[in-house]
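A structural model of the following input is requested.
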Amino acid sequence: MSFLASHRAMISEKGMPVSIRRYSGTGPTRTYADTATTAYVRNYNSSELIGAIMQGDQIAICLVDTLGSVLPVTTNDKLVVDGKELAIKNVKKRREGSTLIALEVHATG
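Below you'll find the model as predicted:
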């Protein structure tokens, strides 16, 4: 099974609706736009709680072909899970060869 196929299967089986939220403007009148997608979301395991990773932090794996115009996702964006807005701490790229397949979004909040 290819890397892309295994990611699609994992998200299809265990995925949940999430959004990447991008704010525009400044101050209290700033607005945002949400890009909805489905992601495999999990909490960090206790063995992974080292350094800046804290209990309650989450990882969301999203396929890049579902993110459209929101790419590139940055730490200025937010991850919305179950209606809760989380700060994005880091975004790692998952590739198959030179092809970008998915983003691993590390979030806290």
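
which residues does stretch 26-33 contact?
Under the criterion CB atoms under 8 Å, 6 or more residues apart in numbering, residues Arg21, Arg22, Tyr23, Ser24, Gly25, Lys78 lie in contact with stretch 26-33. In short, each C-beta sits where N, CA and C put it, glycine included.

can I get these in a markdown table with distance to Ala102 and neighbour count?
Formatted as a markdown table, those follow (distance: CB to CB, whole Å; neighbours: other CB atoms under 10 Å):
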| residue | distance to Ala102 | neighbour count |
| --- | --- | --- |
| Arg21 | 19 | 17 |
| Arg22 | 19 | 17 |
| Tyr23 | 24 | 12 |
| Ser24 | 26 | 8 |
| Gly25 | 30 | 9 |
| Lys78 | 19 | 21 |
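
out of those, what pair is the most spread apart?
Gly25 and Lys78 (14.7 Å; CB to CB).

so which of the contacts of stretch 26-33 sits lowest on pLDDT?
Comparing pLDDT over the contacts of stretch 26-33 singles out Gly25 as the least confident position, at 86.

pLDDT value on Tyr44, please?
We note a pLDDT of 69 for Tyr44 in this prediction.

same question for Ile50.
Per-residue confidence (pLDDT) for Ile50: 61.

narrow the contacts of stretch 26-33 to those in strands?
Arg21, Arg22, Tyr23, Ser24, Lys78 (DSSP state E).

any chance of JSON lines for the residues you listed, columns distance to Ala39?
Formatted as JSON lines, the entries for the ones in strands among the contacts of stretch 26-33 read as follows, by distance: CB to CB, whole Å:
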{"residue": "Arg21", "distance to Ala39": "13"}
{"residue": "Arg22", "distance to Ala39": "16"}
{"residue": "Tyr23", "distance to Ala39": "20"}
{"residue": "Ser24", "distance to Ala39": "23"}
{"residue": "Lys78", "distance to Ala39": "14"}
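
what's the closest of the residues you listed to His106?
Top of the list for closeness to His106, among these and by CB to CB, is Lys78 at 12.7 Å.
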